[in-house]
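# I would like the atomic coordinates for the input below:
(4 chains)
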2 protein chains.
Amino acid sequence: MSEPRTLQAEQWELWNDWMQAHRLLVRELDRDLQRAHGISKAEFSVLVTLHRTPGGRLRVGELAESLDWEKSRVAHLLTRMESRELVARTDSGSSGRRIGIELTAKGRATVASALLDHADNIRRHFFDQLTPEQTEAVAAWSRQTVRTLAR
Amino acid sequence: MSEPRTLQAEQWELWNDWMQAHRLLVRELDRDLQRAHGISKAEFSVLVTLHRTPGGRLRVGELAESLDWEKSRVAHLLTRMESRELVARTDSGSSGRRIGIELTAKGRATVASALLDHADNIRRHFFDQLTPEQTEAVAAWSRQTVRTLAR
DNA sequence: CCCTTGGAGTTGACGCGTCAACTCTAGGAG
DNA sequence: CTCCTAGAGTTGACGCGTCAACTCCAAGGG
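Numbers count the residues shown, from 1 in each chain, chains lettered A, B, ... in the order given. Next up, the predicted model:
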């Protein structure tokens, strides 16, 4: 009885609910961040990462590594962020090669004002909705899944 | 003690793990579906919905309602699917107005071949990784979140 | 000293999902 | 009969995320 078979009706329902819930949650958080601070959730992650880096400068690869994202995703995002002056690609290589990413003043101001706000939204919409047991279940599943599927 | 404050380090970590896990899971399922059947997860949902509809024909609004998606999302998706002949917008209104969506032969063949396969992938990558308690936790959270954030 | 190889970063194309603006039509109110 | 309004559906613009292809430079071998 291990050959593939379709899911039970209630499994399909759970699966759809779960996808839906995730989508709605992300949409909510993104809307809030966009309205209040003009940035997306992804941009927030980049700003925070740079913000808490000693020295405040990272290479694209380090940023990608630190966020566990693909480099091209980071590169595209940085392009958009650079054009809005949240971030600067600084020339610091010997031969004028663009080698480091750092926050601009605007980027620093944005992350400072968004941090508490976004954290609070995550708490309200996510953590506050979970019982301690549910939190543990989510944590265990997440760790397991990341370990299994990473890279 | 209810004013906003930032999350604890382990909460941030859980949050990031959770986002990451979801992204990896979706990517995995999408890749499998794409490689094996040439469709995306979203397209699969549309195909299945049409497939199990008595009469096999729905209006855009009914499709959107049934999936709990926004109409414009459905419209965009249908445009892409129509161009690949998975689906047809049929003229059946009195005045030649395009009024119904239905599967093409190719659409029917695709959903038939993808159903078991995709269900099995969901089982392997999702349900098989959850203990019964974790499944219950996920189910409860999903229902709760959908209820809170829906429309 | 040249050449090649590999790693870092970028780019373009594409599909997904959202938002706002638009078209079209059917069904009343007058 | 005419207008006009509400709803259905579509479209365009945009940001996200992925994939594959590309550029460019640095380092090491010959």
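
# for chain A, where's the lowest mean pLDDT among helices and strands?
strand A:98-103 (a mean of 85; mean pLDDT, DSSP states H and E).

# relative to it, what are the paired strands and their orientations?
strand A:57-58 (antiparallel), strand A:87-91 (antiparallel) (DSSP bridges).

# contacts for that strand next, please.
Residues from elsewhere that reach strand A:98-103, judged by Cβ atoms under 8 Å, 6 or more residues apart in numbering or on different chains: A:47, A:50-51, A:56-60, A:63, A:78, A:86-93, A:111. Every residue, glycine included, has its C-beta placed from N, CA and C.

# counting neighbours, what do you get for A:L29?
With neighbours defined by other Cβ atoms under 10 Å in any protein chain shown, the count for A:L29 comes to 19.

# make sure it is indeed in a helix.
Yes: with the criterion set as DSSP: H, G, I helix; E, B strand; the rest coil, the secondary structure at A:L29 is a helix.

# wait, doesn't it sit right on A:I39?
No: A:L29 lies out of contact with A:I39 (Cβ atoms under 8 Å); the separation is 11.5 Å.

# which residues are in contact with each of those two?
With Cβ under 8 Å, 6+ apart, A:L29 and A:I39 have no common neighbours.

# so is whichever strand or helix holds A:L116 next to DNA strand D?
Assigning secondary structure by DSSP states H and E places A:L116 in helix A:105-125. No: Helix A:105-125 does not reach DNA strand D (Cβ under 7 Å from any atom of the strand); its nearest approach is 12.8 Å.

# do stretch A:37-54 as well
Yes: Stretch A:37-54 comes into contact with DNA strand D when judged by Cβ under 7 Å from any atom of the strand, the residues involved being A:40-43.

# list the buried residues of that stretch.
Buried residues in stretch A:37-54, defined by neighbour count with 16 or more other Cβ atoms under 10 Å in any protein chain shown: A:37, A:39-50, A:53.

# pull out the buried residues from the least confident helix or strand of chain A.
Under the neighbour-count criterion of 16+ other Cβ under 10 Å, strand A:98-103 has A:100-103 buried.

# cool, stretch A:136-144 as well?
For stretch A:136-144, by 16+ other Cβ under 10 Å, it's A:137-143.

# for it, give the mean pLDDT please.
Per-residue pLDDT over stretch A:136-144 has a mean of 95.

# what do you get for stretch A:26-41?
Averaged over stretch A:26-41, pLDDT sits at 96.

# many thanks, have a good one.
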